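K.L.:
sequence below, structure please.
(chains A and B)
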Amino acid sequence: MTAIVSAEPTRRDFLFIATATVGAVGAAAMLVPLVGQMNPDESTIAAGAPVEVDLAPIQPGQIIQVFWRSKPVFIFNRTANDIKAAQDVDWQTLRDPQPDSARVQAGHEQWLVVIGICTHLGCIPLPHQGNFDGWFCPCHGSQYDSSGRIRQGPAPLNLPLPPYQFISGTKIRIGESSQA
Amino acid sequence: MSGHSTYQPQSPFMQWLEKRLPIASLVHSSFIAYPTPRNLNYWWTFGGILTFMLGVQIITGIVLAMHYTPNVDLAFNSVEGIMRDVNYGWLLRYIHANGASFFFLAVYVHIARGMYYGSYKEPREVLWILGVILYLLMVATGFMGYVLPWGQMSFWAATVITNLFSAIPAVGNPIVTWLWGGFAVGNPTLNRFYSLHYLLPFVIAGVVMLHIWALHVVGQNNPTGVEPKSEKDTVAFTPYATVKDAFFIGLFCILFAYFIFYIPNYLGHSDNYIPANPGQTPTHIVPEWYYLPFYAILRAIPNKLAGVCALGLAIISLAFLPWLDTSRVRSANYRPLFRQFLFLFFITVIGLGYLGSQEPTGGYVIAARILTVYYFGFIWVILPVLGLVETTKPLPKSISESVLGNGVSAPASGA
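P.N.:
Predicted coordinates for the structure are as follows:
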């Protein structure tokens, strides 16, 4: 094979570069389906539609667990003591500072609705355990208070709030925010 | 070190084949005539044991795959079906499950031997790094295999480990959703773990070939750490190394068989015989024993992102040993200070393993923090400093001198 050395770019150089570019773009474009197939598909997303929960049977002090988008959601009917303890904390000193008023909906202070997944590594915390009458995570010892805020242990954030709205005095729909 | 094959094909067929595919001479130069240092001890048989265990895991794994169903509703029962209905299914599954533990046991001994005798040092850096890659592949494969029976520990191990990625700022949560293929660990997760658990052992087999190739380019290290200088320092791979490896694989298999037949669930968790329940976390989550030291490091650090980084760094650090260890003497036999610090390091790793199995409270957390400091301190501070200040013992002039004593000439054949 004889190498043709030329100072000027030739038509062949152009063809090489053009061919390689088209090939590279094609290979890169294949990343879209190859990566995308691993994301949740439409049926999975559709199965994550909002769920309605009737709050009437939940006794004061009781915590129930429902599922929304395969995630456990805790609904806590807080007693007056729980609400007072949550409101009296000097919240600005907490790890993830949030006042209790930002964790519940105005006029419904009795009801705390949080996603029951520890923000550390995803375990489900146990209700009414730990030092703050909230939750205690058995995996790595995180403790949450009666407002679902992280108070002790390795978790970095408060228990997240799902979007939900009250559709009547004793019924909520999880998966839709009140603004929507 | 390979390449000087003395192989001469005898039969007409082998002569015919040799001209077309010289596989017989490759095998001959790599596994028969290949010169190995004459002073290798039994710690050097663990490479052979690991190759053997990889074969055991692939063969039993392929057979188990014929009876397993990767679906969240069927997986648990299909594994129970393997245990109760499939002919010899109990045996094959117990071999595979305990085989994972024994694979890791062997790799830990293999890594410890490499550290003790300085096998990572120039010119074996690439060989060592390939080994760290193999270990990482083993960790991933073992984890995904543990998820497949879809018991409580399977499900929550999958949840906890995939959530490690949520520590990444900004893109963490989308990455975790992408890994799951849903809003939580579920059927898509189980299916992809099954696919990858089947794939990765063959990737491991490929990297093992690179590992052995690199080994045969630079040659084996030996207990003195002195390179072979003449033919007197080496013996042929066959029969010396093959017979020695086979003998020790036999001993290893006796222990392996004891676990399989007498205490097959000793290394497992009873919680994994409860079907996965996404609504309830077991009261005490622990990973399999072979991950416990790293789990202890994760829990020792009270910050999520820092804990996850430390977990990763604990393994990745090993890849930098060839450059962090500044001493030019390889073997710990000639480095009295290094030897003590290294044994302390081994005790630290075992101690972290114990702490990883305990509840994360009080004194256990403090102890885990102290040991974590030593783990990283040894690798990143003690190793570089020690090589500069340590007074080493005099090295033997050659391997044969260390074996046969000074001034004694070696007999013509091996001992």
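
K.L.:
centroid residue for the chain?
P.N.:
Let's take chain A. A:P160 (5.9 Å; C-alpha atoms, centre = their mean).

K.L.:
other chain: chain B
P.N.:
B:V107 (3.0 Å).

K.L.:
confidence score at that residue?
P.N.:
B:V107 carries a pLDDT value of 98.

K.L.:
pretty sure it contacts B:M138?
P.N.:
Yes - B:V107 is within contact range of B:M138, at 6.4 Å (criterion: C-beta atoms under 8 Å). Using the backbone N, CA and C atoms, a C-beta is placed for each residue, glycine as well.

K.L.:
tell me the residues of the stretch 251-400 of chain B that contact chain A?
P.N.:
Contact residues (C-beta under 8 Å from any C-beta of the partner chain) of the stretch 251-400 of chain B with chain A: B:278-285, B:299, B:301-305, B:307, B:359-361.

K.L.:
what's the residue nearest to A:P156 when sequence neighbours are not counted in contact with, if anything?
P.N.:
Distance criterion C-beta to C-beta, 6 or more residues apart in numbering or on different chains; nearest residue to A:P156, sequence neighbours excluded, is B:K304 at 4.6 Å. With contacts defined as C-beta atoms under 8 Å, 6 or more residues apart in numbering or on different chains, B:K304 is in contact with A:119-121, A:154-156, B:167.

K.L.:
need these in TSV (columns: neighbour count).
P.N.:
Shown next, in TSV, are those (neighbours: other C-beta atoms under 10 Å in any protein chain shown):
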residue	neighbour count
A:T119	23
A:H120	26
A:L121	27
A:P154	25
A:A155	26
A:P156	16
B:A167	19
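
K.L.:
cross those residues against helices and list the overlap.
P.N.:
Of the contacts of B:K304, none are assigned to helices by DSSP state H.

K.L.:
so which of those is the closest to B:G48?
P.N.:
A:L121 (37.8 Å; C-beta to C-beta).

K.L.:
quick one: contacts for the closest one?
P.N.:
Applying C-beta under 8 Å, 6+ apart, the residues near A:L121 are A:139-140, B:159-160, B:163-164, B:304.

K.L.:
and residue 58, what element?
P.N.:
In the absence of a named chain, chain A is used. Secondary structure assignment for A:I58, by DSSP states H and E: no helix or strand.

K.L.:
chain B, not that one
P.N.:
helix B:46-65.

K.L.:
what about that helix, average pLDDT?
P.N.:
97.

K.L.:
which neighbouring elements make contact with that helix?
P.N.:
helix B:89-116, helix B:187-218, helix B:242-262 (3 or more C-beta pairs under 8 Å, 6 or more residues apart in numbering or on different chains; DSSP states H and E).

K.L.:
among those helices, which is nearest B:G181?
P.N.:
helix B:187-218 (2.9 Å).

K.L.:
please identify the buried residues of the helix or strand following the closest one?
P.N.:
Next in sequence after helix B:187-218, counting helices and strands by DSSP H and E, comes strand B:234-236. Across strand B:234-236, burial judged by 16 or more other C-beta atoms under 10 Å in any protein chain shown covers B:234-235.

K.L.:
go ahead and name everything in contact with strand B:234-236.
P.N.:
By C-beta under 8 Å, 6+ apart, strand B:234-236 touches B:32-38, B:228, B:241, B:399, B:414.

K.L.:
cutoff 10 Å now
P.N.:
B:1, B:31-40, B:219-220, B:222, B:228, B:240-242, B:399-400, B:413-415 (C-beta atoms under 10 Å, 6 or more residues apart in numbering or on different chains).

K.L.:
out of these, which sit inside strands?
P.N.:
B:35-37 (DSSP state E).

K.L.:
quick one: buried ones out of the residues you listed?
P.N.:
B:35-37.

K.L.:
show me what from the stretch 101-250 of chain B comes close to chain A.
P.N.:
Contact residues, the stretch 101-250 of chain B versus chain A (C-beta under 10 Å from any C-beta of the partner chain): B:156, B:158-164, B:166-167, B:174, B:176-189, B:192.

K.L.:
which helix runs longest in chain A?
P.N.:
Assigned via DSSP H, chain A shows its longest helix as helix A:11-29.

K.L.:
buried residues in stretch B:245-252?
P.N.:
For stretch B:245-252, by 16+ other C-beta under 10 Å, it's B:245, B:248-249, B:252.

K.L.:
report the buried residues of stretch B:81-96.
P.N.:
B:82-83, B:86, B:89, B:92-96.

K.L.:
equivalent analysis for stretch B:265-272, please.
P.N.:
Buried residues in stretch B:265-272 (16+ other C-beta under 10 Å): B:267-269, B:271-272.

K.L.:
hmm, who's touching it?
P.N.:
In contact with stretch B:265-272 (C-beta under 10 Å, 6+ apart) are residues B:76, B:79, B:94, B:97-98, B:100-102, B:104-105, B:146, B:149-157, B:258-259, B:273, B:282-290.

K.L.:
how far does that stretch sit from the chain's center?
P.N.:
Mean-position distance between stretch B:265-272 and its chain equals 22 Å (C-alpha atoms, centre = their mean, to the nearest Å).

K.L.:
coming back round to it: what is in contact with B:V107 and B:M138 at once?
P.N.:
With C-beta under 10 Å, 6+ apart as the test, B:V107 and B:M138 both reach B:50, B:290.

K.L.:
residues near residue 110, how many?
P.N.:
Here I'm looking at chain A. Neighbour count for A:Q110, taken as other C-beta atoms under 10 Å in any protein chain shown: 16.

K.L.:
my question was about chain B, not that one.
P.N.:
21.

K.L.:
for the closest residue in space to it that isn't next to it in sequence, give its distance to A:S101.
P.N.:
Counting by C-beta to C-beta, 6+ apart, B:F46 is the residue found nearest to B:H110 once chain neighbours are left out, at 4.2 Å. Between B:F46 and A:S101 the computed distance is 62 Å (C-beta to C-beta, to the nearest Å).

K.L.:
got it, and B:V218?
P.N.:
67 Å.

K.L.:
also B:I260?
P.N.:
60 Å.

K.L.:
who's more crowded, those two?
P.N.:
B:I260 (20 against 13).

K.L.:
and the pLDDT at that one?
P.N.:
pLDDT recorded at B:I260 is 97.

K.L.:
who's in contact with it?
P.N.:
B:90-91, B:93-99, B:102, B:253.

K.L.:
for those, give me CSV that also has distance to A:V51 and pLDDT.
P.N.:
CSV is the format used below for the contacts of B:I260 (distance: C-beta to C-beta, whole Å; pLDDT from 0 to 100):
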residue, distance to A:V51, pLDDT
B:W90, 42, 96
B:L91, 46, 96
B:R93, 39, 97
B:Y94, 42, 97
B:I95, 45, 97
B:H96, 40, 97
B:A97, 38, 97
B:N98, 43, 97
B:G99, 44, 97
B:F102, 47, 98
B:C253, 54, 96
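
K.L.:
just the buried ones from the contacts of strand B:234-236, in PyMOL syntax?
P.N.:
To isolate the buried ones among the contacts of strand B:234-236 in PyMOL, judged by 16+ other C-beta under 10 Å, type:
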select buried, chain B and resi 1+31+32+33+34+35+36+37+38+39+40+219+220+222+228+240+241+399+400
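
K.L.:
chain center to stretch B:14-34, what's the gap?
P.N.:
With C-alpha atoms, centre = their mean, you get 30 Å for stretch B:14-34.

K.L.:
then that stretch to PDB, C-alphas only?
P.N.:
C-alpha atoms of stretch B:14-34 as PDB (Å, rounded to 0.1, in the frame of the first residue of the first chain):
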ATOM      1  CA  MET B  14      -1.100 -31.900  15.500                       C
ATOM      2  CA  GLN B  15       1.500 -30.800  13.000                       C
ATOM      3  CA  TRP B  16      -1.300 -30.000  10.600                       C
ATOM      4  CA  LEU B  17      -3.200 -28.100  13.300                       C
ATOM      5  CA  GLU B  18      -0.100 -26.200  14.600                       C
ATOM      6  CA  LYS B  19       0.400 -24.600  11.200                       C
ATOM      7  CA  ARG B  20      -3.300 -23.400  11.200                       C
ATOM      8  CA  LEU B  21      -4.000 -22.700  14.900                       C
ATOM      9  CA  PRO B  22      -1.100 -22.900  17.300                       C
ATOM     10  CA  ILE B  23      -3.300 -23.500  20.300                       C
ATOM     11  CA  ALA B  24      -1.400 -26.600  21.500                       C
ATOM     12  CA  SER B  25       1.900 -24.700  21.700                       C
ATOM     13  CA  LEU B  26       0.100 -21.800  23.400                       C
ATOM     14  CA  VAL B  27      -1.200 -24.100  26.100                       C
ATOM     15  CA  HIS B  28       2.100 -25.800  26.400                       C
ATOM     16  CA  SER B  29       4.100 -22.600  26.900                       C
ATOM     17  CA  SER B  30       1.400 -21.100  29.300                       C
ATOM     18  CA  PHE B  31       0.500 -24.000  31.400                       C
ATOM     19  CA  ILE B  32       3.200 -26.700  31.000                       C
ATOM     20  CA  ALA B  33       6.600 -25.300  30.300                       C
ATOM     21  CA  TYR B  34       5.800 -21.900  31.900                       C
END
